[in-house]
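Visitor: sequence below, structure please.
(one chain, ligands or ions: 1)
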Amino acid sequence: MNLPIVTYGDPMLRKEAAPITKDYPDLKQLIADMFETMYNADGVGLAAPQIDKSIQLVVIGFRPYNEKTDSYGPEEERHVLINPEILEEKGEKKYFNEGCLSIPEIHEDVLRPESIVLHWFDEDFNEHTEEIDGMFARVAQHEIDHLHGKVFTDRLSPLRRTMIKRKLNDVISGRVRPKYRVKNKK
Ligand code: ZN
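Guide: Sure, this is the predicted structure:
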């Protein structure tokens with residue numbers, strides 16, 4: 001099922017999301033619905049607060065970019081992160097242009113570490129601790145921010161934030177209408 005996406009200005013995006021256990025009701029269906037919602041909106045990641053659930057669940061899906069061939073691979077890389085925790089930041093911090101399905105029409109360069117040591121559970125509740133990098137690390141960090149009430153525009157410089165203030169206000173007021181379903185503002 002394609003779910004409506006919560007947009008900037010909704011208090012849900014500022015909440016601290018709760019960890020979940022194996023017996024969370026209909027977890028497999030929820031994960032499937034989150035992937036469907038993400039693909040429908042052409043996203044590469046989606047965190048549960050963005051579909052109005054304050055739980056620590058993230059889906060990620062993208063086609064990996066190959067620097068040698070300067071093209072995107074045919075195989076899709078998919079990840080489900082349950083209760084993810086960044087244990088360590090590694091490597092240099094780099095800028096990368098980010099967007100967010102909850103903040104339509106705004107794209108900004110965000111500084112984050114290139115790689116991280118991540119602890120998480122997958123959809124079958126297998127435990128993982130891995131050093132990850134590239135697109136996976138980038139999207140994971142963006143989505144994990146959502147689980148802690150943070151969005152990418154919070155990470156911009158005060159000057160950049162001032163410059164996009166009007167655009168953010170347009171999202172808050174509901175004037176920005178993306179092609180995908182969004183949760184109605186009260
Ligand atoms: Zn986002």
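Visitor: which parts of this structure are strands?
Guide: Taking DSSP state E as the criterion, the chain carries its strands at 45-47, 57-62, 65-66, 71-72, 77-98, 108-121, 127-132.
Visitor: so which of these is the most packed in?
Guide: Of all these, strand 45-47 carries the top mean neighbour count, a mean of 29, counting by mean count of other C-beta atoms under 10 Å. In this view, the C-beta of every residue, glycine as well, is placed from N, C-alpha and C.
Visitor: any idea how many residues pack against the nearest residue to I164 once chain neighbours are set aside?
Guide: Nearest residue to I164 in three dimensions, chain neighbours excluded: I106, at 5.9 Å (C-beta to C-beta, 6 or more residues apart in numbering). The number of residues packed around I106, counting by other C-beta atoms under 10 Å, is 19.
Visitor: for the chain, give me the ranges with low pLDDT.
Guide: For the chain, the stretches flagged by pLDDT under 70 are 186.
Visitor: residue nearest the centroid of it?
Guide: The C-alpha lying nearest the average C-alpha coordinate of the chain belongs to E143 (C-alpha atoms, centre = their mean; 3.0 Å).
Visitor: now the residue nearest to I164: how far from A47?
Guide: Distance from I106 to A47, counting by C-beta to C-beta, to the nearest Å: 17 Å.
Visitor: returning to what we had before: give the contact list for the residue nearest to I164.
Guide: With contact set as C-beta atoms under 8 Å, 6 or more residues apart in numbering, I106 has these partners: G99, C100, T153, I164, K167, L168, V171.
Visitor: what's around the last one, how many residues?
Guide: Around V171 there are 23 other residues, counting by other C-beta under 10 Å.
Visitor: which residue is the nearest non-sequential neighbour of it?
Guide: Of all residues apart from its sequence neighbours, Y8 sits closest to V171 (C-beta to C-beta, 6+ apart), at 4.5 Å.
Visitor: same question for the second one.
Guide: Using C-beta to C-beta, 6+ apart and skipping the chain neighbours, the partner closest in space to C100 is F152 (5.7 Å).
Visitor: the one you found is in contact with N97, isn't it?
Guide: No: with contact defined as C-beta atoms under 8 Å, F152 does not count as touching N97 (10.2 Å).
Visitor: what is in contact with the two at once?
Guide: Residues touching both F152 and N97 comprise E108, V110, with contact defined as C-beta under 8 Å, 6+ apart.
Visitor: re the thing from before, T162 versus the residue nearest to I164, what's the distance?
Guide: 14 Å.
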